[in-house]
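Engineer: Task: produce atomic coordinates for the following.
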Amino acid sequence: MRNRAVLILAIVPLVMSLSWAQAGGEQGQQAVSVNLSSNGDSATKINSQNHSFSQREPRYRLEPGDAFDVAFELSPEFNQHVTVQPDGFISLRGIDDIHVANETVPQLTATLKTAYGKILSDPLISVVLTDFQKPYFIANGQVKSPGKYELRGDITVSEGIAIAGGFLDSAKHSQVLLFRRVDDQMSQATIINVKKMMLTQKNLHEDLHLQPGDMLVVPKNRLSKIEPYLPTKQIGVYAAPF
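Structural biologist: Numbering: from 1, shown residues only. From the prediction side, this is the model:
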């Protein structure tokens, strides 16, 4: 009995230490540190929950100017062709205007069902996009052919740079900026050390996959500091060739 008690006392600390180690490992996977140093020294670090960059197949989100057909299976008199207005609203037959910009098609369908549910009993609605912004990404800064490119298929950061003609000799390979919108007002900034990823470590697992609307900026000079989240309107400061 005494030996059994001693064994239990020996196992408990081991189990607790394993639990703490597992928790620490999970937290380590969520935290992202980015070095902004040009000489390998740690100048500034950015720690953030980087879940948005793990989404490989995001759904398309409506933008002003997009158009779609709305079909009512049991009430065809409400069938209509709709265009998203510059302010993100749509005008609909029989109900008030609704803001739908930045919604996916499933979200839009749910929004319409809720709105028309006020005048129809359990409406059956289907939505088909007819005119929309083709997925694209932008490459700017120290690349051979800056511009807007169609995002066809699964493209990574290094592939996007190659599509833009590759780096200029003046490019700062270790500080490629990736800007991604998180909502109508804010964008997320991530700095990628492409030089280290491709040449030194050849760790292609860090080669992030581009999403529609992403902007790559390759700087010429060393960046001393950049916030992980910043107003989208401020991106122009980094997007201009420099």
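Engineer: Could you list the domains of this structure?
Structural biologist: According to automatic domain parsing, the chain comprises the domains 33-58+135-239, 67-131.
Engineer: Just put these in TSV and tack on mean neighbour count and mean pLDDT.
Structural biologist: No exception for glycine: its C-beta is placed from N, CA and C like everyone else's. Output for these, formatted as TSV (neighbours: other CB atoms under 10 Å; pLDDT from 0 to 100):
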stretch	mean neighbour count	mean pLDDT
domain 33-58+135-239	16	77
domain 67-131	14	96
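Engineer: could you show me where the strands are in this structure, in order?
Structural biologist: For the chain, the strands defined by DSSP state E cover 67-72, 80-83, 89-90, 98-99, 125-131, 136-141, 147-150, 176-181, 186-192, 215-218, 229-231.
Engineer: Same list, those strands, but as a markdown table with distance to Leu168 please.
Structural biologist: Below are the strands of the chain laid out as a markdown table (distance: least, CB to CB, whole Å):
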| stretch | distance to Leu168 |
| --- | --- |
| strand 67-72 | 40 |
| strand 80-83 | 41 |
| strand 89-90 | 43 |
| strand 98-99 | 42 |
| strand 125-131 | 37 |
| strand 136-141 | 9 |
| strand 147-150 | 14 |
| strand 176-181 | 13 |
| strand 186-192 | 17 |
| strand 215-218 | 8 |
| strand 229-231 | 25 |
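Engineer: for the ones you listed, which one sits closest to Ala115?
Structural biologist: strand 98-99 (5.8 Å; CB to CB).
Engineer: tell me what that closest one is packed against?
Structural biologist: strand 89-90, helix 105-116 (3 or more CB pairs under 8 Å, 6 or more residues apart in numbering; DSSP states H and E).
Engineer: Pairing partners for the shortest one, with directions?
Structural biologist: Strands adjacent to strand 89-90 in the sheet, as given by DSSP bridges, are strand 98-99 (antiparallel).
Engineer: Same list (the helices and strands packed on strand 98-99) but as CSV, adding distance to Pro76.
Structural biologist: Output for the helices and strands packed on strand 98-99, formatted as CSV (distance: least, CB to CB, whole Å):
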stretch, distance to Pro76
strand 89-90, 19
helix 105-116, 13
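Engineer: Ok, which of the ones you listed comes nearest Phe179?
Structural biologist: With CB to CB, the closest approach to Phe179 among the helices and strands packed on strand 98-99 belongs to helix 105-116: 23.9 Å.
Engineer: Can you spell out which helices and strands pack onto the closest one?
Structural biologist: Counting contacts by 3+ CB pairs under 8 Å, 6+ apart, helix 105-116 packs against strand 67-72, strand 98-99, strand 125-131.
Engineer: List just the one of these that sits closest to Pro58.
Structural biologist: Using CB to CB, those put strand 125-131 closest to Pro58, at 15.2 Å.
Engineer: Give me the residues contacting the closest one.
Structural biologist: Contacts with strand 125-131, where a contact means CB atoms under 8 Å, 6 or more residues apart in numbering, come from 60, 65-73, 81, 83, 105, 108-109, 112-113, 116.
Engineer: With adjacent residues omitted, what lies nearest to Ile85?
Structural biologist: Let me fix one detail, which is that residue 85 is Gln and not Ile. For Gln85, ignoring the flanking residues on the chain, the nearest one in space by CB to CB, 6 or more residues apart in numbering is Pro64 at 6.4 Å.
Engineer: For the one you found, give me its contacts.
Structural biologist: Shown in contact with Pro64 (CB under 8 Å, 6+ apart): 84-88, 101.
Engineer: If we use 10 Å, what do you get?
Structural biologist: 83-89, 101, 133 (CB atoms under 10 Å, 6 or more residues apart in numbering).
Engineer: how near is it to Met197?
Structural biologist: Pro64 sits 36 Å away from Met197, going by CB to CB, to the nearest Å.
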